[in-house]
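> fold the following, please.
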Amino acid sequence: MAFDLEIEFVGLCLFVPDPDTRRLRVLAPSTCHGAPPEMEEHVVRLCFDIAYLQPGSTSPSGILALVPVNRQELELTGTPEPNLTLPGELGNIRDVTAQPFRAGVLDGSDPDKHLSARVQATSGWCAGYAKGACWNYPNSTDRQCLCNRLTWAVARDEDRLEWALTALDGGTGRELPVLYPIAEQVEGETVEKIKVALYHTTRDELPPDPAKPGPPAPGTPAHHFAGFYTVYECPWPTVVPTFVGLSCDNVSTGGSPYTCMAAQSSP
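Purely as a prediction, here's the structure:
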């Protein structure tokens, strides 16, 4: 029995498609080694519903398991070669820096510990993403929506997911629980799926009860974005996006949707 593994990446994740090696690398930069001193600590957690732990489950339970991932690598394999096309809402840091990656960041042990985690996918495709809010990036004349959640899917030709984490520093890896797919209806067809998420966020943004801050004031810099530059050689000075609004299609000039809204009534 085959199934699709869907892994949703949430937060400070840098997607690096490589046409030469036919793989996608997803980097979770360390916020402790080389990051700006004002950067809040980010943690990496692998999250999944506990219903996937039992074969024959018919629906998610709503109860989540969170597995700490620290200095570990996850490899995602499947049958077809990957489709490395990614949405334009992923801000391209190569637009603003020509620096190469630090030694070991893309492959190897990352000796200087600039990574909290790394994922390597040798199969799969982008199965969906959140368009995100509107930001000025990389400078005040360019505005675009910047994605903060992206789902990568991998087709697996088996009846369960047996997987493990490998230590980035050559130490002890970690076996992960075996997961079993749950059937879903997708466009009238039954599809077997396993859905997991990899969070790289501050602790207060983790499930099951994440903080939900309101939008920042226009012009506020996205200072967490500076964490991406730590994986490059000679990364400073950094260029970070500044907040414009909830949408680039219709930028508001006043009247917050969080304070005043419209309504209707019978005559």
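> residue ranges in the stretch 51-200 of the chain under the pLDDT threshold?
139-141 (pLDDT under 70).
> so which residues of it form strands?
Ranges of strands within the stretch 51-200 of the chain are 64-68, 72-76, 115-121, 125-129, 134-136, 143-145, 149-156, 164-167, 174-175, 182-186, 189-201, based on DSSP state E, counting those that start in this stretch.
> possible to save those as a markdown table with distance to Ser109?
All C-beta spots, glycine's among them, are computed from the backbone N, C-alpha and C. Below are these laid out as a markdown table (distance: least, C-beta to C-beta, whole Å):
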| stretch | distance to Ser109 |
| --- | --- |
| strand 64-68 | 20 |
| strand 72-76 | 10 |
| strand 115-121 | 10 |
| strand 125-129 | 28 |
| strand 134-136 | 34 |
| strand 143-145 | 35 |
| strand 149-156 | 24 |
| strand 164-167 | 9 |
| strand 174-175 | 16 |
| strand 182-186 | 36 |
| strand 189-201 | 20 |
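> check these for me and report the most buried one.
Mean neighbours per residue, mean count of other C-beta atoms under 10 Å, is largest over the strands of the stretch 51-200 of the chain for strand 115-121, with a mean of 24.
> restricting to C-alpha, output that strand in CSV.
This file holds the C-alpha atoms of strand 115-121, laid out as CSV (Å, rounded to 0.1, in the frame of the first residue of the first chain):
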residue,chain,number,x,y,z
LEU,A,115,22.5,24.8,11.9
SER,A,116,19.8,23.6,14.4
ALA,A,117,18.6,21.0,11.9
ARG,A,118,18.7,20.1,8.2
VAL,A,119,16.3,18.2,6.0
GLN,A,120,17.3,16.6,2.7
ALA,A,121,14.6,15.5,0.2
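> ok, Asp20 to Glu89 distance?
Distance check for Asp20 against Glu89: by C-beta to C-beta, to the nearest Å, it reads 24 Å.
> the more surrounded of those two?
Glu89 (16 against 5; other C-beta atoms under 10 Å).
> count the neighbours of the closest residue in space to that one that isn't next to it in sequence for me.
In space, and not counting its chain neighbours, Glu89 is closest to Cys147: 4.0 Å by C-beta to C-beta, 6 or more residues apart in numbering. Residues near Cys147, counting by other C-beta under 10 Å, number 20.
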